[in-house]
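Asks: sharing a model that was predicted from the sequence below.
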Amino acid sequence: MSIRIEEINVRDLGPLKGEHHFPLDTFNLIYGKNEQGKTFLVEFIIRSLFKAASKWNLREETGEGKISVVGLSEEEVIFTPSKRKKKLEDYLEESLPGLPPDLSKLLVVKGAELELVRGEPGGVNRAVLKDFLSGEALLDEIERKISATVLKSTIEDGVIVGKDVGDIAKRRVSGEELYKLDELVEEVDRLDSGGTRASLEREIGSLTTSIEQMEIARRHTAFNLQNDIDKLTESKSDLASNELNELREQAVTYSGAKGRIKRNVEKAADLEEASSNYSWLTEALREYKQITANLKPKASKIFLLVTLGFLIVAIASLVAVLLDFATPISGIPVSIGALLVMGGCGAYYLLSQSRSEKAIFEDHETQRIKLEYHEHFGEEMTSLASMEALEHELQEAAVAKQQLEKNIVEDRELLSTAEGRLSSRLSKYEFEDPNLEWVEKINDLDDKLNTINHQINLKREELAGLSVDPSDYEAEYPGAPYQKSTLDDLESQLFDLNNQLMEENARFEAVRHKLSVVTGISDLTTPLDGFIQGLREKRDDQSVDYRSRTADLISKILVKEELALIREQEDVKIQSSLDSEQQTRPLHQVTGHYTAIELQDGQLVVSDPFESFAIDELSTGAQEQVLLALRIGCASHILGDKNLFLILDDAFQYADWDRRERFMDEVVRLGKKGWQILYLTMDDHIRNLFQDRGEKEFKKGFRFHELKE
């Protein structure tokens with residue numbers, strides 16, 4: 001890629017009055033007589049293009065203008081003498097790091113001054129070669145950016161060792177500040193995100209979630225309990241206790257009637273013989289009394305009445321004596337006499353009756369009755385009185401049997417009614433044993449009712465213990481059963497963790513002031529996260545500062561050490577460059593017989609096939625040839641594949657005509673290679689030589705300009 005001057009435009013530049021335009025191509029010649037402005041034009045070019053213009057012994061700046069250069073960027077770049085504008089080196093440094101400090105000395109030969117350094121024998125020394133042929137100039141530039149303290153520092157076992165001043169001290173202070181911030185971060189982390197506080201908050205969050213799930217399970221359990229209660233209540237709707245009591249009464253009535261019937265039947269069976277005998281005896285007495293009435297003579301009842309009358313008189317006489325209504329003498333005899341008469345009349349009455357009964361017992365029918373009586377009762381019939389006494393006794397048994405039979409009938413009716421009711425009302429229930437008695441069935445239902453009521457009561461107690469409002473019941477199963485002990489344990493853990501978190505927060509308040517001081521947040525009511533964010537930002541900034549200082553020191557120390565190693569190899573690099581074709585070819589081409597150049601004890605030595613010469617031992621013309629060849633070789637070495645321009649201000653002025661030809665051959669070769677050549681001269685021979693070679697070799701690529709006042 002070629003970098004070349006496209007055009008030079010000046011106005012009122014010294015002797016060059018008005019505007020002057022110099023469009024350029026590959027091979028360019030500017031000719032002018034002495035004092036026509038050639039030197040002013042060269043100095044204008046130096047001021048416009050190069051940074052090191054101040055190192056040249058230039059005249060006072062006059063006039064104005066600009067130089068357009070192509071090849072530095074996609075568009076042409078304009079250069080002016082202004083020191084504020086970018087110069088050629090500014091553009092080249094981006095693609096050619098390590099340029100020599102004074103590129104102008106390489107690309108410009110002013111006033112036939114071919115030496116690269118003034119006052120040095122031979123016009124060149126090791127320092128110049130160092131700038132042009134090695135990277136040592138770049139090394140010097142790099143080293144100048146490293147402080148003396150760092151240059152004396154080392155890295156030992158991974159630790160920077162150096163005097164505690166300057167950058168070393170600043171790094172130490174930065175590290176101490178970072179350590180303090182790290183300690184504060186660790187302290188905050190223990191209380192917050194990375195420590196106990198964050199851990200507690202995570203545990204509290206987890207417990208809270210578990211409690212919420214358990215609360216949902218509790219509400220779901222309440223929902224299920226209420227459903228169970230509703231179902232149990234519905235299931236006992238047919239088992240009302242009052243109905244069971246009614247059924248139990250019916251069953252008791254049934255059982256009682258059944259038992260009474262059984263007992264009464266047994267009793268009636270026991271009274272059956274007595275009742276049957278009573279019927280016979282009643283009939284036998286009727287017949288016996290009829291027989292007696294027909295066979296027995298009737299005794300006069302007058303005797304019975306007289307007996308009763310005298311009894312009354314005797315009693316009255318005794319009462320009168322006792323009541324003093326009569327004297328004993330008069331009353332007692334009366335009583336005795338009345339008793340005697342009464343006794344006689346009574347004896348006669350009884351005797352007459354005894355004779356009648358004897359006659360009756362000897363009768364035929366009476367004998368039959370006596371026989372049947374013996375068959376019925378197993379004993380002899382003795383008298384009517386005994387028969388009547390026995391009749392009275394049997395009559396009670398007969399009446400009792402009749403009552404029993406009546407009771408049996410009534411109880412059977414009651415039994416039938418109760419059985420019908422019980423059968424009808426209990427038929428809707430199922431029993432494991434259908435042969436159970438009614439009472440047993442009712443007791444079984446009662447047990448079921450009691451069991452249901454007990455279950456309902458237990459579930460109501462459990463539901464009441466859950467303390468869940470019906471509006472909060474949860475129908476959906478949450479995935480885990482409710483366990484009160486688990487909930488109590490979770491709530492207990494949550495209570496303890498909340499207390500611990502309160503303690504941690506209290507401890508965190510103690511460091512809040514530290515955070516306020518460190519972060520600069522004066523509002524102490526700022527949320528902890530705000531302080532923490534500020535602290536972390538402060539710590540990150542400090543960490544970046546410390547790492548940056550550390551990296552800077554390490555890199556500078558490593559660079560310093562690497563520079564030392566590189567410096568040890570610079571003389572080898574310089575000699576290697578001198579031995580390269582970039583140097584030896586132009587040397588031989590320009591001088592005609594020197595084939596090698598080397599650095600010995602800081603001085604340049606050139607050699608031909610037979611001997612070697614120090615450059616300061618050569619004639620002036622030979623020195624100029626060597627220096628021009630060296631300049632061309634150094635430019636090729638530095639710029640590599642980049643082709644720039646070479647500005648020669650009468651560089652061949654003091655060379656003889658043969659050397660001028662060799663000089664011309666070399667610049668033509670450079671032009672053919674792609675370099676732009678700008679030669680300024682006041683010498684007619686050189687003008688003719690350039691014109692001839694330029695027109696012949698470059699044709700349209702040759703430009704000629706003549707300076708005129």
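Replies: Looks like it came in fine.
Asks: can you give me the strands in the stretch 251-400 of the chain?
Replies: In the stretch 251-400 of the chain, no strands are defined using DSSP state E, counting those that start in this stretch.
Asks: should've said the stretch 51-200 of the chain
Replies: Using DSSP E, counting those that start in this stretch, strands in the stretch 51-200 of the chain cover 64-70, 77-79, 108-109, 154-156, 159-161.
Asks: where does the chain have its least confident helix or strand?
Replies: Lowest by mean pLDDT, DSSP states H and E among the helices and strands of the chain is helix 126-133, with a mean of 48.
Asks: hmm, back to that, just name the most buried of the strands of the stretch 51-200 of the chain.
Replies: With neighbours defined as mean count of other Cβ atoms under 10 Å, the strands of the stretch 51-200 of the chain peak in mean count at strand 108-109, which reaches a mean of 24. C-betas here are computed from N, CA, C, even on glycine.
Asks: so what strands line up beside it?
Replies: Strand 108-109 has these partner strands in its sheet, going by DSSP bridges: strand 645-649 (parallel).
Asks: what helices or strands is the following helix or strand past the strand it pairs with leaning on?
Replies: Scanning forward in sequence from strand 645-649 by DSSP states H and E, the next helix or strand is helix 657-673. If you count contacts as 3 or more Cβ pairs under 8 Å, 6 or more residues apart in numbering; DSSP states H and E, helix 657-673 packs onto helix 581-591, helix 620-639, strand 645-649, strand 676-681, helix 684-697.
Asks: show me which strand runs longest in the chain.
Replies: strand 4-13 (DSSP state E).
Asks: what is the distance between that one and the centre of its chain?
Replies: 74 Å (Cα atoms, centre = their mean, to the nearest Å).
Asks: go through that strand and flag the buried ones.
Replies: Arg4, Ile5, Glu6, Ile8, Asn9, Val10, Leu13 (16 or more other Cβ atoms under 10 Å).
Asks: thinking again about what came up before, export the helices and strands packed on helix 657-673 to CSV and append columns for mean neighbour count, mean pLDDT and distance to Val161.
Replies: Compiled in CSV, these are given as follows (neighbours: other Cβ atoms under 10 Å; pLDDT from 0 to 100; distance: least, Cβ to Cβ, whole Å):
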stretch, mean neighbour count, mean pLDDT, distance to Val161
helix 581-591, 19, 75, 43
helix 620-639, 22, 73, 38
strand 645-649, 24, 89, 50
strand 676-681, 24, 93, 53
helix 684-697, 16, 93, 63
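Asks: Ser516: which of those is closest?
Replies: helix 620-639 (59.3 Å; Cβ to Cβ).
Asks: report all helices and strands that the closest one contacts.
Replies: With contacts defined as 3+ Cβ pairs under 8 Å, 6+ apart, helix 620-639 has these neighbours: helix 104-107, helix 126-133, helix 581-591, strand 603-607, helix 657-673.
Asks: now the angle between helix 657-673 and that helix, please.
Replies: Here helix 620-639 points in a direction 10 degrees away from that of helix 657-673 (axes from the mean of the first three to the mean of the last three Cα atoms, to 10 degrees).
Asks: need the pLDDT of Glu570.
Replies: For Glu570, the model assigns a pLDDT of 54.
Asks: cool, and Ser82?
Replies: So Ser82 comes in at 90 (pLDDT).
Asks: tell me what the longest strand of the chain is packed against?
Replies: strand 16-23, helix 38-49, strand 64-70, strand 676-681.
Asks: who's in contact with it?
Replies: 16, 18-24, 26, 37, 40-41, 44-45, 62-71, 76, 643-645, 676, 678 (Cβ atoms under 8 Å, 6 or more residues apart in numbering).
Asks: relative to Phe704, how far out is Asn688?
Replies: 11 Å (Cβ to Cβ, to the nearest Å).
Asks: let me fix that, I meant to ask about Leu281.
Replies: 193 Å.
Asks: ok, Leu604 - how many residues close by?
Replies: Using other Cβ atoms under 10 Å, Leu604 is surrounded by 25 other residues.
Asks: Gly166 now?
Replies: 14.
Asks: surely it and Lys152 touch.
Replies: No. Gly166 is beyond contact range of Lys152, at 10.4 Å (criterion: Cβ atoms under 8 Å).
Asks: related to what we said a few turns ago, ok, the longest strand of the chain: who's next to it in the sheet?
Replies: Assessed with DSSP bridges, strand 4-13 is paired to strand 16-23 (antiparallel), strand 64-70 (antiparallel).
Asks: mean confidence for it?
Replies: Across strand 4-13, pLDDT averages out at 94.
Asks: so that strand versus helix 38-49, what angle?
Replies: Using the same axes, to 10 degrees, strand 4-13 lies at 120 degrees relative to helix 38-49.
Asks: so what pLDDT did Gly671 get?
Replies: 90.
Asks: what about it, distance to Lys110?
Replies: From Gly671 over to Lys110 the distance is 20 Å, taken as Cβ to Cβ.
Asks: if we can go back for a sec, would you list the strands paired with strand 4-13 in a markdown table and tack on mean pLDDT and distance to Leu458?
Replies: Output for the strands paired with strand 4-13, formatted as a markdown table (pLDDT from 0 to 100; distance: least, Cβ to Cβ, whole Å):
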| stretch | mean pLDDT | distance to Leu458 |
| --- | --- | --- |
| strand 16-23 | 93 | 115 |
| strand 64-70 | 95 | 104 |
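Asks: dump the ones you listed to TSV, plus distance to Ala269.
Replies: Output for these, formatted as TSV (distance: least, Cβ to Cβ, whole Å):
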stretch	distance to Ala269
strand 16-23	165
strand 64-70	154
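Asks: for Ala629, give me its contacts.
Replies: Gln583, Pro586, Leu587, Gln589, Val590, Thr591, Glu666.
Asks: ok, it to Asp102 distance?
Replies: Ala629 is 19 Å from Asp102, by Cβ to Cβ.
Asks: would you map the helices across the stretch 101-250 of the chain?
Replies: Assigned by DSSP state H, counting those that start in this stretch, the helices in the stretch 101-250 of the chain fall at 104-107, 126-133, 136-144, 148-151, 166-191, 196-235, 241-295.
Asks: can you tell me the average pLDDT over the third one?
Replies: Meaning helix 136-144. In this model, helix 136-144 has a mean pLDDT of 61.
Asks: check the last one too.
Replies: Model confidence over helix 241-295, given as mean pLDDT, is 76.
Asks: what helices or strands is it leaning on?
Replies: Using 3+ Cβ pairs under 8 Å, 6+ apart, helix 241-295 is in contact with helix 328-361, helix 364-377, helix 384-426, helix 438-466.
Asks: any idea of the angle that helix forms with helix 364-377?
Replies: Using the same axes, to 10 degrees: helix 241-295 against helix 364-377 is 150 degrees.
Asks: of all pairs in the buried residues of strand 4-13, which one is the farthest apart?
Replies: The span of the buried residues of strand 4-13, defined through Cβ to Cβ, is set by Arg4 and Leu13 at 21.1 Å.
Asks: domain boundaries for this protein, per the record?
Replies: With domains defined by automatic domain parsing, the chain comprises 1-95+647-709, 124-162+569-641, 164-238+440-560, 257-424.
Asks: how far out from the middle of the chain is the last one?
Replies: Counting by Cα atoms, centre = their mean, domain 257-424 is centred 113 Å from the centre of its parent chain.
Asks: hang on, Pro23 packs against Arg703?
Replies: Yes. Between Pro23 and Arg703 there is a contact under Cβ under 8 Å: 6.7 Å.
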